[in-house]
Every structure is written in structure tokens, then in C-alpha cells.
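Undergrad: Just the structure for this:
(2 chains, ligands or ions: 3)
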Amino acid sequence: MSQYKLIHCTINGKEVEKMVDVRASLTDMLRDDYHLTSVKKGCEVGECGACNVLIDGEAFNSCIYLAVWAEGKHIETLEGLLSPEGELSDIQRSFVEETAIQCGFCIPGFIMTAVEILNTGKLYTDDQLRRLLSGHLCRCTGYENIFRAVKKTMYRRHGKPIDF
Amino acid sequence: MYDMKALYEALSVEDAIALRIEHPEAQIIAGGSDVLVQMREGRRAGKELISIYMIDALRGVSIDEAENLRIGSLTSFSHITRDPLIQRYCNVLGEAVDQVGSPQIRNVGTIGGNTCNGVTSADSASTLHAWEAIVELTGRGGVRRVPIKDFYIKAGTVDIKPDEIQTAILIPKASYENTCGHYIKYGLRNAMEIATLGCSVNVRLSADKQTIERCRIAYGVAGPVPMRCPSAEAVANGAKPTKALARDFARAVLDDINPRDSWRASKAFRQHIAVEMAKRALAESVKLAGGELA
Ligand SMILES: Cc1cc2nc3c(=O)[nH]c(=O)nc-3n(C[C@H](O)[C@H](O)[C@H](O)COP(=O)(O)OP(=O)(O)OC[C@H]3O[C@@H](n4cnc5c(N)ncnc54)[C@H](O)[C@@H]3O)c2cc1C
Ligand code: FES
Ligand code: FES
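TA: Ligands and ions are numbered 1, 2, ... in the order given. Below is the predicted model of the structure:
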């Protein structure tokens, strides 16, 4: 017997209302109902970070988050980072510049964590930054270029020259 | 989709209690970082769940009328670490829960879930034991308060009655006043790792910093449930903070702990690092309290 619930939330700034199956994860809802395919299904047990989205500004693995919990929340996915003209945001540009992307599967998750990190407005040390990025697995890049892309954006936002 | 039979949502503690009584077979889900993973793995497949995650009244840290530090059971790890009251009165708890899993897990995981799961490796558990935390449970008959030591019955089983949920964790003033502590997690990697052993120590020094007035030490993964070390505490209580004392204190933990062999580490290895961790955590606690091991 299926059980549904009507939920209201904002997704990438837009108010939405949806009947969701109570058994759905937030990943299921974002991918299947809203076609936000930047939200990847990797491990689906909270370990890899591929499904990461921001909920009220904090990073969550949407695979271990019930869709019904989205009620009243502000949800942001990678798709929401594009400007209205379709331009990439600064953090996305840095990922391109630093060749931080190979297959790309892990990247939306990494970038959304980077957004949470950058939005704190703090200038983190390398060790702190590595720790803050530790909830993501990448099987391609070796992490170094990803780290550089985030660090570069952080320094740019602070108007500081980068010292890698 | 999760293999879930039904979901009942509580919006208040009263709702949760009513749902517990109405659906005795149903299991509580808070942040779900244990429950949903176990459901996915099949261990909790086909179960009914009572979600308490939307009860915002159970979030946040405050000082109550009896001057206890009160942590709502749904407070996430990241919010505990960032909380100014925690930073002021029980910094070590904020540091301990900052070692859980990854940033995303720390945003979703709750201190209630970390204690109600009855797991010995839970990163908050040793610190809560070492600070003699009180667990607050609310049920049909009202509020019940249980010392954390008695809350743990055996591995995976805690003292929650069928009509109750855990609503808060309290750190009494007698534990946090003038007290500094340190937590060490030994893991095989630096992130996304369950503790091989966790050790939490705290001390209160005399005004002249020459005497340890009160020392507490507790471990996770040194036995089936988190545990205090009374023999080691007895060695340190009232003693002068010296290097020799730290050695005796650390050796005495072996009289208290009872780790086992597992794929992560052998019993002998856990005993070995337990001694070293006790020594280091004591030294750091004394330093944080303004003293020095002579
Ligand atoms: C990838 C990953 C890494 C992890 N790493 C760590 C780690 O390093 N250290 C660590 O300690 N843990 C770790 N965990 C485990 C988990 O995140 C924690 O145990 C967390 O505290 C669980 O909290 P929760 O709110 O998500 O609990 P849930 O999964 O919702 O619940 C856990 C248990 O407690 C019960 N429960 C929860 N809240 C209440 C309540 N208020 N009243 C009564 N019963 C309740 C539930 O019924 C369930 O049995 C990890 C988990 C994942 C997925
Ligand atoms: S898919 Fe969610 S953490 Fe891996
Ligand atoms: S770029 Fe392929 S997994 Fe990260």
C-alpha cells in the first residue's frame, strides 16, 4: 500500500508543491520529479557524497534524507548555480580552469560542499580545507585539482593572491 | 525508494509519544544516518518508522534552570560544535562530534541517535560518560532522567521504554564547572572512519594548578558499551599533575577496560593504544586547564 504526502519547499529558489511517496529519498524526488540529474546516485548509503545538495545552506547527502523532510526547506542543487543568462558560477569556472573534472560523476557533490565552505566567508588553511572536503569520493582525479579549484575560489573571493 | 512499510510523522514530543503507543512495532528515526543505511542494507527492511526529525523543539543547546547544559536530542553534530555554550562549557564534546564521519554526516546526524543506537564506537559516547551526562526521556508518564552509565544496557540496547523518546542530554554543572577535557579518536584513516578506540579525559585543577581535584576518563570500543575507568580515576584524583602520575594513571586503565579482537584491531593493540591515549589525553586536559605535567 503506497502512502503519499503533499510537501512544499523551494528548489533552487523556486517554490514548489509535490505529492511524494513517503518511501522516497530526497535524491529520488530531485531526480525523478524534478529531473535535477546533477544529484547522482553513487553509494546510496551516505559515504560518497555524489548526491550532496544544500538544505537551508548546509550540505546533506540526499540519499539518506527522506523526501518528506523537505517540507518548508530551501533546497539547492548544482543546477541552481547557473546565472539567469546560463553562465557558470565562480566555483564552477575554477573547476574548469584547474581541470578538476574527469568523468564528472562526483563533481556536483563536491561543488555543493564547496559552496557551503565558501559561503562561510572564512579563509581556511589547507588542512582545514582538506577536512571540509573529506565527505566526497572521487575515483578519477586524485583530489589535488579539486582541492586547488576550491582553494583558488576561496582566495579570489577574499581578493588574495593564491600561493599553492 | 526505501523498503519501508509505513512512515508516521511526529511534529511534537506529544505526537511522538502517541505514535509510539499506537504503533508499538514502529522504530524511531531521527536524522536517519543509521536507520536509513540499515534499511538500505536490509537489516531494517520492511519496517514501520516514526519520524521525529521535524520536531524543531528538540534542537538547540541551552542552560536550564538547574544550570545544566541542555542539548536537545535532535541537535546535529555540526550545530553542537558551532554552539557558543558548548564551546564555553564543554568544548571537548564539540571536538569529539566534529570527528564523526564527514561534514555531510555531521549536518544530519544527531546526538540523540548517537546515544540511542547503543553503539560503543559512537564518537560522543565516551565524552558523555566522562562528563557524567544525564539522559532525559519523555513518555506518557512525563520525564525520566537516567545517568548515561545506566542508559546503556548492552551493545545496541539502551533504556528507552516503549512509550518514550529521548528528548535531551544534560551535562550537570558539577561536571562542566571549571573543567577542561580532551578526546582522542584512533582510526585507520582521518575521515569517514569508525573509531578503533576513543578516549575522553577531563580534569579540574586546584586554583594553584598543583593538584588534580577531579579526573574523569571514559572509552569507546574498550568494551561492548562505552565505559568509565574508576581505577585510573582513583589514581589521578587528588594527585599532583606529574609525568609519573600520568604514567600510573594510564597503566591503571588496563584494570578497567575489556577490549576485544576485531578485524579493525586486536585486543592487545587496543590495550596498547589505550594506555598511550590516556596519557596524552590527560596531558592535554591538564594543559587546557592551565597546568602542566611536572
Ligand atoms: C557514512 C557514515 C559515517 C558515519 N561515521 C560515524 C562516526 O565516525 N562516528 C559515529 O559516532 N557515528 C558515525 N556514523 C553513524 C551515525 O551518523 C551516528 O550514529 C548518528 O549519531 C546517528 O544519528 P541519527 O540522528 O542519524 O540517528 P538515526 O539513524 O535516526 O537513529 C539511530 C538509532 O537511535 C534511535 N533514536 C534516534 N533518536 C532517538 C530519540 N530521540 N529517541 C529514541 N530513539 C532514538 C533510532 O531508533 C535508531 O535506533 C556514520 C554514519 C554514516 C552513514
Ligand atoms: S549516493 Fe549519497 S552519499 Fe553516496
Ligand atoms: S571525476 Fe570521476 S569520480 Fe570524480
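
Undergrad: Okay, and the beta partners of residue 76?
TA: No chain specified, so I'll use chain A. A:Leu54 (DSSP bridges).

Undergrad: wait, I meant chain B there
TA: Bridge pairing for B:Ser76 - DSSP bridges - gives B:Thr110.

Undergrad: Pop the domain breakdown of chain A in here.
TA: By the assignment in automatic domain parsing, chain A contains the domains A:4-80, A:90-157.

Undergrad: Which of these has the highest mean neighbour count?
TA: domain A:4-80 (a mean of 20; mean count of other CB atoms under 10 Å in any protein chain shown). All C-beta atoms are positioned from the backbone trio N, CA, C, and that covers glycine.

Undergrad: returning to that earlier point: mean pLDDT for the domains of chain A - can I get that in CSV?
TA: Below are the domains of chain A laid out as CSV (pLDDT from 0 to 100):
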stretch, mean pLDDT
domain A:4-80, 98
domain A:90-157, 98
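
Undergrad: and the stretch 51-200 of chain B, which residues reach ligand 1?
TA: Within the stretch 51-200 of chain B, the positions near ligand 1 by CB under 6 Å from any ligand atom are B:52, B:73, B:100-101, B:105, B:108-110, B:112-114, B:116-117, B:122-123, B:160, B:165-166, B:192, B:194.

Undergrad: Could you double-check that B:Lys20 lies in contact with B:Gln166?
TA: No, residue B:20 isn't Lys; it's Arg. No - contact criterion CB atoms under 8 Å: B:Arg20 and B:Gln166 do not qualify, at 11.9 Å.

Undergrad: So between the two, which is more surrounded?
TA: B:Gln166 (27 against 23; other CB atoms under 10 Å in any protein chain shown).

Undergrad: Am I right that the more buried one falls within a helix?
TA: No - counting by DSSP: H, G, I helix; E, B strand; the rest coil, one finds B:Gln166 to be strand, located in no helix.

Undergrad: picking that back up, could you tell me which of the residues of the stretch 51-200 of chain B next to ligand 1 belong to helices?
TA: Among these, the members found in helices (DSSP state H) are B:105, B:108, B:112-114, B:116.

Undergrad: Intersect those residues with the contacts of chain A.
TA: Contacts with chain A are made by B:105, B:108 out of those, judged by CB under 8 Å from any CB of the partner chain.

Undergrad: from the ones in helices among the residues of the stretch 51-200 of chain B next to ligand 1, which single one is nearest ligand 1?
TA: B:Gly113 (2.1 Å; CB to the nearest ligand atom).

Undergrad: Apart from its neighbours in sequence, what residue is nearest the closest one?
TA: B:Ala30 (4.5 Å; CB to CB, 6 or more residues apart in numbering or on different chains).

Undergrad: And for A:Glu47?
TA: A:Glu47's closest residue in space is B:Met192 (CB to CB, 6+ apart), at 6.5 Å.

Undergrad: cool, and A:Glu17?
TA: Using CB to CB, 6+ apart, the closest residue to A:Glu17 is A:His8 (5.0 Å).

Undergrad: Verify the stated contact: the one you found with A:Val16.
TA: Yes - with contacts counted by CB under 8 Å, A:His8 reaches A:Val16, the gap being 7.2 Å.

Undergrad: Quick check: the residue nearest to A:Glu17 is in a helix.
TA: No - under the criterion used here (three-state DSSP), A:His8 is strand, not part of a helix.

Undergrad: do you know how far it is from A:Ile55?
TA: 14 Å (CB to CB, to the nearest Å).

Undergrad: gap between the closest residue to B:Leu69 other than its chain neighbours and B:Met277?
TA: Spatially, and ignoring its direct neighbours in sequence, B:Leu69 is nearest to B:Ile171 (4.1 Å; CB to CB, 6+ apart). To B:Met277, B:Ile171 is 22 Å away according to CB to CB.

Undergrad: Residue of chain B nearest chain A, please.
TA: Nearest to chain A, among the residues of chain B, is B:Ser102, at 2.8 Å (CB to the nearest CB).

Undergrad: dump the residue contacts of that residue.
TA: By CB atoms under 8 Å, 6 or more residues apart in numbering or on different chains, B:Ser102 lies in contact with A:49, A:134-136, B:191-192.

Undergrad: Which one, of the domains of chain A, ends up nearest to ligand 1?
TA: domain A:4-80 (3.5 Å).

Undergrad: Tell me which residues touch residue 80, please.
TA: Chain wasn't specified; assuming chain A. A:Gly80 sits next to A:11-13 when contact means CB under 8 Å, 6+ apart.

Undergrad: that's the wrong chain, I meant chain B
TA: Contact analysis of B:Ile80 by CB under 8 Å, 6+ apart lists B:61, B:71, B:86, B:93-94, B:97, B:111.

Undergrad: Can you tell me which of those end up in strands?
TA: If you go by DSSP state E, those have B:61, B:71 in strands.

Undergrad: What about the contacts of B:Ile80, which one has the most neighbours?
TA: Neighbour-wise, the contacts of B:Ile80 (other CB under 10 Å) top out at B:Leu93, 32 neighbours.

Undergrad: Surely it is in contact with B:Asp83?
TA: No - in this structure B:Leu93 lies outside contact range of B:Asp83 using CB under 8 Å: 9.5 Å.

Undergrad: Cross-check the residues of the stretch 51-200 of chain B next to ligand 1 against ligand 3 and keep the overlap.
TA: Among these, no residue lies close to ligand 3 (CB under 6 Å from any ligand atom).

Undergrad: and A:Asn52, what are its phi and psi?
TA: The phi and psi values for A:Asn52, taken as degrees, to the nearest 10, are phi -70, psi 130.

Undergrad: In which helix or strand does the closest residue to it other than its chain neighbours reside?
TA: Closest residue to A:Asn52 apart from its sequence neighbours, by CB to CB, 6+ apart: A:Gly109 at 3.8 Å. For A:Gly109, the host element (DSSP states H and E) is helix A:107-119.

Undergrad: packing partners for that helix?
TA: The contact analysis (3 or more CB pairs under 8 Å, 6 or more residues apart in numbering or on different chains; DSSP states H and E) places helix A:107-119 against strand A:52-55, strand A:58-61, helix A:90-97, helix A:126-132, helix A:144-157, helix B:103-108.

Undergrad: what's the closest of the ones you listed to ligand 2?
TA: Ligand 2 lies closest to strand A:58-61 among the helices and strands packed on helix A:107-119, at 4.0 Å (CB to the nearest ligand atom).

Undergrad: residue contacts, residue 52?
TA: Since no chain was named, I'll use chain A. A:59-62, A:108-110, A:112-113, A:135-136, B:104.

Undergrad: Chain B, not that one
TA: B:10, B:16, B:28-30, B:58, B:74, B:165.

Undergrad: Cheers, nothing more for now.
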